[in-house]
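Trainee: Below: sequence and its predicted model.
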Amino acid sequence: MNSRLKGLAVLTASLVGIAVSGVGHAAATYGNLDTTGFGTASVLAYRDAVYMGTNGVIQNGNWTIDTTGGFEVALRAKNRSDFSLFDGPTGTYKVPAGICGVAPYAAACGSGIRAGWNYEFSVNTRAGANNGNNPDLTQIGARIRVDTDPTAGQVWSLWIDVTSNWGDNAYWDGVDEAGPTDERRVAAGPALVGEFGVQQSVNPMFANSLFQPGFNPFAEGLYDIQLAVADCDLNGTTVCTARASTSITVQVPEPGTLALLGLGLLGAGFARRRKQ
């Protein structure tokens, strides 16, 4: 596979439709999300600033992060079968080809055909020293896009507002929403006043993953994912400011004969659905 250079520097003028001005972006870091603003959570598992998911395996770490001016945006890749984290200190996360329930992914994971890996994102508009001073999610746009071309080329999806694309986003405002056991709000967007955090875990086989149609979980691939917060529409032509932005690459190695098996399984699944 021809490899592309994937710098850990955050996005600049390469963001479609914008010119970044007036903001000094720091180099992306690798590791844990900022925990400021989560220390009073009554649920111990959420004190590490990761509050999405209901599988009982909630963990910080292995994020590719930009924190600029108190705006934190982060991306990573995770094993959907056992919830383990893929390592990506250079910004590239190497994941096996295949689907959940089939080697090399041992565990089953839900109904339907799912790729063995998810990409995950986190947005926090009030991180670090700026906690409580920055706008909330109702005042700024958090947007994501993916490169759907599995080769060294790039074919980008449109920028999608993350608060309007997934109906089960996990939102955070630092206040109990559902009693003493859950501070997060899991619901469709848009964000509510006071919510400064949003997280999601996305499988590329989901219809709203931005990888569809056409993603093949059994095939070799090289995919970019970009996340940014900005006070403008990144798909437009208006010059505006990106507050913070980050990007990762998900690399799927050559699967050999697994690709042929996968195509057969996908075909069988589609055939079963047509008969129902």
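Mentor: Received the coordinates, thanks.
Trainee: Alpha carbons only: can I get stretch 214-231 in CSV?
Mentor: In CSV, the C-alpha atoms belonging to stretch 214-231 read as follows (Å, rounded to 0.1, in the frame of the first residue of the first chain):
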residue,chain,number,x,y,z
GLY,A,214,-19.6,1.4,-0.6
PHE,A,215,-17.4,0.8,2.4
ASN,A,216,-16.0,-2.8,2.5
PRO,A,217,-14.8,-3.9,5.9
PHE,A,218,-12.8,-6.8,4.4
ALA,A,219,-10.7,-4.7,2.0
GLU,A,220,-7.4,-3.0,2.4
GLY,A,221,-7.9,0.7,3.1
LEU,A,222,-6.4,4.0,4.1
TYR,A,223,-8.9,6.5,5.5
ASP,A,224,-8.6,10.0,6.9
ILE,A,225,-11.0,11.5,9.5
GLN,A,226,-11.0,15.2,10.4
LEU,A,227,-12.8,17.0,13.3
ALA,A,228,-13.0,20.7,13.9
VAL,A,229,-14.9,23.3,15.9
ALA,A,230,-15.6,26.6,14.1
ASP,A,231,-18.0,29.5,14.1
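Trainee: Now do that stretch: distance to the chain's middle.
Mentor: Centroid separation between stretch 214-231 and its chain, computed with Cα atoms, centre = their mean, to the nearest Å, is 9 Å.
Trainee: Buried residues of that stretch, list them for me.
Mentor: For stretch 214-231, a neighbour-count test (16 or more other Cβ atoms under 10 Å) marks 215-218, 220-230 as buried. For glycine as for every other residue, the C-beta is placed from the backbone atoms N, C-alpha and C.
Trainee: Same check on stretch 85-96?
Mentor: Within stretch 85-96, the residues scored as buried using 16+ other Cβ under 10 Å are 85, 86, 88, 91, 92, 93, 95, 96.
Trainee: any idea what residue 164 is structurally, helix, strand or coil?
Mentor: helix (DSSP: H, G, I helix; E, B strand; the rest coil).
Trainee: does residue 195 sit in a helix, a strand or a coil?
Mentor: Residue 195 - assigned by three-state DSSP - is coil.
Trainee: tally of neighbours for it?
Mentor: 23 (other Cβ atoms under 10 Å).
Trainee: Residue 60 versus that one, what's the distance?
Mentor: 20 Å (Cβ to Cβ, to the nearest Å).
Trainee: Could you do residue 68 as well?
Mentor: 20 Å.
Trainee: quick one: which of those two has more around it?
Mentor: Between residue 68 and residue 60, counting by other Cβ under 10 Å, residue 68 is the more crowded of the two (20 against 17).
Trainee: Can you give me the separation between the nearest residue to that one once chain neighbours are set aside and residue 174?
Mentor: Nearest residue to residue 68 in three dimensions, chain neighbours excluded: residue 244, at 4.2 Å (Cβ to Cβ, 6 or more residues apart in numbering). Distance, residue 244 to residue 174, using Cβ to Cβ: 20 Å.
Trainee: Could you do residue 216 as well?
Mentor: The gap separating residue 216 from residue 174 is 41 Å, by Cβ to Cβ.
Trainee: tell me how far stretch 148-160 is from the chain's mean position?
Mentor: Centroid separation for stretch 148-160 versus its chain: 15 Å, with Cα atoms, centre = their mean.
Trainee: and it, average pLDDT?
Mentor: Averaging pLDDT along stretch 148-160 yields 94.
Trainee: can you offset everything so residue one is 49?
Mentor: Sure, I'll start numbering at 49, so the last one becomes stretch 196-208.
Trainee: buried sites along it?
Mentor: Applying 16+ other Cβ under 10 Å to stretch 196-208 flags 196, 198, 205, 207, 208 as buried.
Trainee: So what sits opposite residue 140 in the bridge?
Mentor: residue 297 (DSSP bridges).
Trainee: roughly how far apart are it and residue 295?
Mentor: Counting by Cβ to Cβ, the gap from residue 140 to residue 295 is 11 Å.
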